[in-house]
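# for reference, the sequence and a predicted model appear below.
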There are 2 protein chains.
Amino acid sequence: MASQENQENVRNVKSAWSRLKGFPDKCVDLVTTSAREAKNFGKEDPRRIVHSFKVGLAITIVSLFYYFDFLYDGLGVSAMWAVITVVVVFEFSVGATFGRGINRAIATFIGGLLGVAAHRLASSTGNNAEPIVLGFSVFFITSIATFIRLFPKMKERHDYGCMIFILTFCLISVSGYRDSEVIEMAHTRLSTVMIGLSATGLICIFICPVWAGEDLHNLTAANIEKLGISLEAFQRKYFETTRNDKNQENKPPVDGYKVVISSKSKEESLVNFARWEPRHGKFKYRHPWDQYIKIAGHTRECAHRFYALYGYLHSEIPTPPIEISKKIEELCTTMSLECSHALKELAIVIKKMTRSPNSEAHLKNAEIAAKNLKLLVQSGLWPESDPLDVIPAAAVALLLIEIVCSTVKIADSVHRLSILSKFKSVDPARTPARFGVTVE
Amino acid sequence: MASQENQENVRNVKSAWSRLKGFPDKCVDLVTTSAREAKNFGKEDPRRIVHSFKVGLAITIVSLFYYFDFLYDGLGVSAMWAVITVVVVFEFSVGATFGRGINRAIATFIGGLLGVAAHRLASSTGNNAEPIVLGFSVFFITSIATFIRLFPKMKERHDYGCMIFILTFCLISVSGYRDSEVIEMAHTRLSTVMIGLSATGLICIFICPVWAGEDLHNLTAANIEKLGISLEAFQRKYFETTRNDKNQENKPPVDGYKVVISSKSKEESLVNFARWEPRHGKFKYRHPWDQYIKIAGHTRECAHRFYALYGYLHSEIPTPPIEISKKIEELCTTMSLECSHALKELAIVIKKMTRSPNSEAHLKNAEIAAKNLKLLVQSGLWPESDPLDVIPAAAVALLLIEIVCSTVKIADSVHRLSILSKFKSVDPARTPARFGVTVE
């Protein structure tokens, strides 16, 4: 018994020792993996690194106000608010920064105004009633502002503004008791906030600006392109699977359509930010940002059909045998490829902001193939086969036909965007069809 | 020409006048509609009103520190930080508040520590070098912290903490030049933050607390129930549409499954918040919150299949004629209803945290119906019909079979949750099947 316990002890000590010995190695491992991750993260989008340095620069510059005597004398301790403003307002994109900045400026102004008013009201009631009046006004104003903050529309666009309003109101109205020069205080707070905001705004816009509008524009194009790639990949995979091709394992899984479905919240916040941005680059004042939401809606609808389509790749339902899939393969392939090319062309139209007739031509081909496929399915080609084999193949065919319809909707909404934001036209005679496939 | 211009002017003046006359009415309209909206918004979830008053109360209480002389003397102007902390930290749910609060406390501590260190380092280098050393340290530390903040994992859980870290670091290190008692300052800042945090925490937990964990639990149950309702509604609508029943217009559209698909980000943030919450009510310490993410994943997968299913209600493909749908109706109805009951039972299991064998019984019935349906489809019942009529009906049948598979997955993950969080068992003999349908 004793020797067993001894052995147990020895084992425990040994394992603890080996764990302790391994600790420095683990630390080194952690540091190196973190460093590698950070490097990749920065490489993935170098704007992240630039953004970090921009923030550092803005904070350092504004800190000077706090640091040097001749600047400090004018503003006093309140100079701190300039630093806080930069830290709190500086966001990744210009739109997000402007949204926060404008919210902060307006909220500080209104909050300060109301705070001064509450202070005046309270001090006019006499010394005894003052704390009570002040307490009640703080309670009610903050409660109402908090309630308003909860509304989805406010939460989306003005959550930060409401918070700053509450903050400024409290600070001005309550501290008013102590500092009789309340208006002076409100004025200093507003001016320091303005110093912080201008430093942030200037650095944000003039040093490698990141435009949310541009990101939205590119994301929309990329999502449509992803659908095109997914469709092509589906066509390849489905007919390979039915042929039991062994190469399929080597190809990476293409599930770009899933990214499209999950990018809804990102698109919405980008549209929100883009609305705050001034005119820049290719994007004029009053660029139709709402149209992107419509395009995204159609794109997502199409992506949902992809979900159903890809279900037939991994489904419990066996894939149809070759003699069945063979019959629909040609038309399905034409339809998928033409539709995929149309989607890719639409992505290029958005990316280059130049109208092109290619996507229409591809779509027309896809629609003709769809019509023929419908006729083929209708003609009842497989009376001798097992219906359980036929149905998945036919369902895939019908889904592909629906995807063509979805693509037409996407094309229409992109066309509408091209009219609203006046894309350039290109002479069709001078641009050869990018993809040589024109099957009829 | 002149008279035309005159007429134009008169018309302009008239329209301007009528617009001006309508202005007060419009204002009244705006106020009444806003008030009505606010009332409905509060009625929808009364916790919103309670939350607003809680925030108002907390701010009012903490303002007292700033207001009364005997409290103010101890803390000075820094008492302001207590007010700011409450405004900034108080969120709707306990988890969100705690998350922000703990982030704020830890970030203030680390930021303060590093700020003091930077200040010491700078002042040890002599007067001339001091601003340069300080400037560089602010620049690098804030740049690095901003970069770290961009990582998705950090952004999700510690975005606020990073911001507060930058803020505290800047304020302490830079203001150190002015105020030689830097440590005293860091200490005051930390203690005022703590006062704000404790006031927030106490009011948040002890006055009508809103638990993110409970919300997540209920949301998960509600989503599963929505699928059950959607499935039942689909069954009713599909077979009504094929029968051209005129009553269908009167029933409200049931698209609960769309809500399920779009609730991903809400679930993720609730899980994030729930992790910060202490043990409460039915939820023990270390409640398996991650399991909810898994359930939500399966639920969403099922909802995607609903998307495909509902596509057949509004699709370009004509609904099959009655003689075809009639043949599959019975089995499809059994399958849909049993599956729908199983989903609703699972929702009840989660809601009441009590295991029940009913869902399993319903699922078994659904699986038997699915098997029979497969056989029916396989037997090739419709050799004489138009294939374009047959295929949609058969595709719907196959999709329903897949939904049964999805439901089995949901049931498994709910079962796993019931084991992990030790749901009570109920004697099956004493609980009658809630839904009397047991078709065989």
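Noted; the coordinates are in hand.
# got the domain ranges for chain A?
Per automatic domain parsing, the structural domains of chain A span A:2-44, A:48-206, A:212-436.
# in terms of contact, does residue A:377 touch residue A:397 like I think?
Yes. Taking C-beta atoms under 8 Å as the contact criterion, residue A:377 and residue A:397 are neighbours in contact, 5.9 Å apart. C-beta here means a position set from N, CA and C on the backbone, and glycine is covered the same way.
# so the two - more neighbours on which side?
Set side by side, residue A:377 and residue A:397 give different neighbour counts by other C-beta atoms under 10 Å in any protein chain shown, the larger being at residue A:377 (24 against 21).
# just to revisit the earlier point, could the domains of chain A go into a markdown table alongside distance to residue B:90 and mean pLDDT?
What follows is those, written out as a markdown table (distance: least, C-beta to C-beta, whole Å; pLDDT from 0 to 100):
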| stretch | distance to residue B:90 | mean pLDDT |
| --- | --- | --- |
| domain A:2-44 | 33 | 82 |
| domain A:48-206 | 8 | 85 |
| domain A:212-436 | 23 | 80 |
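# what's the closest of those domains to residue B:169?
Proximity to residue B:169, assessed across those by C-beta to C-beta, is greatest for domain A:48-206 (9.5 Å).
# start to end distance for that closest one?
The first and last residues of domain A:48-206 sit 16 Å apart, counting by C-alpha to C-alpha, to the nearest Å.
# how far does it sit from its chain's centre?
The gap between the average C-alpha position of domain A:48-206 and the chain average comes to 28 Å, counting by C-alpha atoms, centre = their mean, to the nearest Å.
# picking that back up, any common contacting residues for residue A:377 and residue A:397?
With contacts defined as C-beta atoms under 8 Å, 6 or more residues apart in numbering or on different chains, the residues shared by residue A:377 and residue A:397 are residue A:328.
# need the residues of the stretch 101-250 of chain A near chain B, please.
On the criterion C-beta under 8 Å from any C-beta of the partner chain, chain B has as its neighbours in the stretch 101-250 of chain A the residues A:131, A:134-135, A:138-140, A:142-144, A:146-147, A:150-151, A:163, A:166-167, A:170-171, A:174-175, A:177-178.
# out of the residues you listed, which end up buried?
Buried subset of those (neighbour count, 16 or more other C-beta atoms under 10 Å in any protein chain shown): A:131, A:134-135, A:138-139, A:142-143, A:146-147, A:150-151, A:163, A:166-167, A:170-171, A:174-175, A:177.
# among these, which ones are in helices?
Secondary structure of those is defined by DSSP state H; positions in helices are A:131, A:134-135, A:138-139, A:142-143, A:146-147, A:150, A:163, A:166-167, A:170-171, A:174-175.
# quick one: residues contacting whichever residue of the stretch 101-250 of chain A sits closest to chain B.
Residue of the stretch 101-250 of chain A nearest chain B, by C-beta to the nearest C-beta: residue A:143 (3.4 Å). Neighbour list for residue A:143: B:52, B:53, B:55, B:56 [criterion: C-beta under 8 Å, 6+ apart].
# count the neighbours of the closest residue to it other than its chain neighbours for me.
Leaving aside its sequence neighbours, residue A:143 sits nearest to residue B:56 (C-beta to C-beta, 6 or more residues apart in numbering or on different chains; 3.4 Å). Other residues within reach of residue B:56 by the criterion other C-beta under 10 Å amount to 23.
# off-centre distance for stretch A:23-35?
Distance of stretch A:23-35 from the chain centroid (C-alpha atoms, centre = their mean) equals 32 Å.
# shouldn't residue A:169 be in contact with residue A:109?
No. Contact criterion C-beta under 8 Å: residue A:169 and residue A:109 do not qualify, at 11.2 Å.
# out of these two, which sits in the more crowded spot?
Between residue A:169 and residue A:109, counted using other C-beta under 10 Å, residue A:169 has the larger neighbour count: 28 against 16.
# name the nearest residue to that one, sequence neighbours excluded.
Spatial nearest neighbour of residue A:169, chain neighbours left out: residue A:111 (4.2 Å); criterion: C-beta to C-beta, 6+ apart.
# so who does that neighbour touch?
Contacts of residue A:111 by C-beta under 8 Å, 6+ apart are A:164, A:165, A:166, A:167, A:168, A:169, A:172.
# and for residue A:99?
When contacts are taken as C-beta under 8 Å, 6+ apart, residue A:99 is in contact with A:91, A:157, A:160, A:272, A:273, A:276.
# so the helix or strand hosting it versus helix A:130-150, what angle?
When secondary structure is defined using DSSP states H and E, the element that contains residue A:99 is helix A:94-124. Per axes from the mean of the first three to the mean of the last three C-alpha atoms, to 10 degrees, the angle that helix A:94-124 makes with helix A:130-150 is 150 degrees.
# would you map the helices across the stretch 151-300 of chain A?
Assigned helices in the stretch 151-300 of chain A, in chain order: A:152-175, A:182-206, A:212-242, A:256-262, A:264-274, A:289-311 (criterion: DSSP state H, counting those that start in this stretch).
# need those in CSV with distance to residue A:84, can you?
Formatted as CSV, the helices of the stretch 151-300 of chain A follow (distance: least, C-beta to C-beta, whole Å):
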stretch, distance to residue A:84
helix A:152-175, 11
helix A:182-206, 7
helix A:212-242, 24
helix A:256-262, 35
helix A:264-274, 22
helix A:289-311, 31
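# tell me, how many neighbours does residue A:108 end up with?
Residue A:108 is flanked by 26 other residues according to other C-beta under 10 Å.
# wait, it sits on residue A:191?
No. The pair formed by residue A:108 and residue A:191 falls short of the contact definition of C-beta under 8 Å, at 10.2 Å.
# how far does the helix or strand harbouring residue A:28 sit from its chain's centre?
Element membership for residue A:28 (DSSP H and E) is helix A:2-44. On the basis of C-alpha atoms, centre = their mean, helix A:2-44 sits 38 Å off its chain's mean C-alpha point.
# helix or strand right after that helix?
Proceeding N to C from helix A:2-44, the next assigned helix or strand is helix A:47-67, under DSSP H and E.
# skipping its backbone neighbours, what lies nearest the residue nearest the centre of chain A in space?
The C-alpha lying nearest the average C-alpha coordinate of chain A belongs to residue A:266 (C-alpha atoms, centre = their mean; 2.3 Å). Excluding the flanking residues, the one nearest residue A:266 by C-beta to C-beta, 6+ apart is residue A:219, at 7.0 Å.
# tell me how far the one you found lies from residue A:295.
When distance is defined by C-beta to C-beta, to the nearest Å, residue A:219 is 11 Å away from residue A:295.
# which of the two has more neighbours?
Taking residue A:219 and residue A:295 together and counting by other C-beta under 10 Å, residue A:295 has the greater number of neighbours (23 against 17).
# nearest to residue A:343, of the helices of the stretch 151-300 of chain A?
Shortest separation from residue A:343 across those is recorded for helix A:212-242, at 3.4 Å, computed as C-beta to C-beta.
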